[in-house]
Each structure stands twice: as structure tokens, then as C-alpha cells.
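> structure for this input, please:
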Amino acid sequence: MSKPLTGKVALVTGGSRGLGAATVRLLAEQGADVAFTYVSSENQAQTVVDEVRGKGTKAVAFKSDQADMSRAPALIDDVVAHFGGLDILVNNAAISVGQGRTVDDPDADTAALDRMHATNYLGVIAVIRAASRVLRAGGRIITVSSGLGSRVGTPGVADYSATKSGVERYTMGVARDLGPRDITANVVEAGLMESGMQPPNPETLKALVSSLSLQRMGHPEEIAAAIVFLASPAASYVTGAVLDAHGGYNA
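Numbers count the residues shown, from 1 in each chain. Predicted coordinates:
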């Protein structure tokens, strides 16, 4: 079997479960050595490491909370120290809080919302900044967003949507900044799936599924395939793009 990512080093943030774990597995299947982060799910992280190593590929998990922006440089240093370099960055780590609560809700947990902004937006920027200094020529940056990054289709998701829209625009700027170094930067807008994140309330979930062209939730492996395509040699002339993998939410 062809392994087009042989010799590459990848970092996936939030790689212990859901879409992150599916992406770690697929990158490893394509030949990459993979590092990934986790916050609290140490046992799940070790399970993913053991699975990948069991198939003959190198893997390592680092405990790192993306909401702590000051941690980003040390994380990148740890990856480079362990594997000798970095070629692929997948910004997957994110949290979802407050969905279903409108901006005028007097009981909104503003502290939790602030943490979500720190994790989903500022934390992504911090990791990109740190990684950009060490990514080798031909490197790849893939930021995982959501259909809610380009279309707010239901009430109660303003804050989450804003974090995703923000990292999409930031990634477009990164594509411009790093293009001269032959580094690409792209976005995958992921759709509804069993991802390990807190799901919307049942009414919101029903409304979101009904808004999709495919009328079903996706599987993490389906979205991981889009991410790994953008990390592959086949996507060498794709940058500054948004690849929709959300079942036709915007159709």
C-alpha cells in the first residue's frame, strides 16, 4: 500500500478521541509519525498511541491545554525534540459550550464562553504562530472549522460560530504569509458527527440534521479523510481554501 506521508511529522491538537483520533489514525496509516495533544483523557490518549504503535508507526501524546496560550511554544518544542521536525499541523482541538443559549440569556456562563474563545480561537492562533517558525518547506496547516463558521443557521450558537469564523479568516491570512515558504494553510469545515464534544440539545440537533443535504450525521473518518487529503502531496497547489465536509449544510 502506498504511504505518501512517509517521513513526515504531524501534530494533531485534541487527538485522543472523536475526529482528532480518527485523524491521528489516518495520518499514521499514510506513513506519518504523529504527535497529538490531550487535556484530561489520558487513558484514551494512551489507547490511541498504543493502537498506532501497534501498526508500526511512531506516535506520542502530550498533555497540553490549548486555552493556555503560553503553552504553545513548549508544545512545538516538545514535538520537534521528539521527532526532529514538523511538517503537518492539524488544528483540531476545540470545545463547545452554551449552545442553545442566546446572547441575551441572563444565565449565560460567561466564564465558560470566555474559555471557549480562548481554546477555539486564541489557542489556535498561538499554536499556528509557534509552529510556523519551525515548519519545514512543503509544510501543511489544516484548521478544523465547522459549517457554523460560515453560516449561523440556528439561534444560540453565536459564540461558537464566531470562534470558527475567526480561525477560518486567520488561516486565510496564514496562507498568504507562509506561501513564499511553500507552506499551505487550509480549512476543513466539519459537520455534525459523533466527535466527543458536547452535542446540541435534541431540538437543535434535529433542526441541524434537517438542514443538511445528506440528512444524516457524518462519521469522524469521513471528515478525517478531507483533512488528510489537504496534508497529502495531492494537495500541493491547494492553499487558502475551505473544504466543506459537512453534508451539504451550505447547499
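
> go ahead and flag the most central residue of the chain.
The structure's the chain has its C-alpha centroid closest to Asn92; by CA atoms, centre = their mean the separation is 1.7 Å.

> list the contacts for it?
Counting by CB atoms under 8 Å, 6 or more residues apart in numbering, Asn92 touches 12-15, 19-20, 23, 144, 227. Yep, even glycine has a C-beta here, placed from its N, CA and C like the rest.

> any idea which of the residues you listed is closest to Ala72?
Thr13 (9.7 Å; CB to CB).

> that closest one reaches Ile95, doesn't it?
No. With contact defined as CB atoms under 8 Å, Thr13 does not count as touching Ile95 (11.8 Å).

> who has more neighbours, those two?
Comparing Thr13 with Ile95 by neighbour count (other CB atoms under 10 Å), the higher total belongs to Thr13, at 27 against 20.

> need the contact list for the more buried one.
Residues counted as contacts of Thr13 (CB under 8 Å, 6+ apart) are 20, 36-37, 64, 66, 90-93, 124, 127.

> now for the residues you listed: which two are most distant?
Maximum pairwise distance in these, criterion CB to CB, is 15.0 Å, between Phe36 and Val124.

> may I have the secondary structure class of Leu243?
strand (DSSP: H, G, I helix; E, B strand; the rest coil).

> what number of residues lie near it?
Neighbours of Leu243 using other CB under 10 Å come to 19.

> is it correct that it is in contact with Leu230?
Yes. The criterion here is CB under 8 Å, and Leu243 meets it with Leu230 at 6.5 Å.

> helices of this protein, start to end?
Applying DSSP state H to the chain gives helices spanning 18-29, 42-54, 72-83, 110-117, 123-132, 158-178, 202-210, 220-231.

> least confident of these, on average?
Mean pLDDT across the helices of the chain is lowest at helix 202-210; the value there is a mean of 78.

> distance from the chain centre to it, please.
Mean-position distance between helix 202-210 and its chain equals 23 Å (CA atoms, centre = their mean, to the nearest Å).

> show residues contacting that helix.
Helix 202-210 is contacted by residues 99-100, 153-154, 156, 192, 199-200, 215-217, 249 when judged by CB under 8 Å, 6+ apart.
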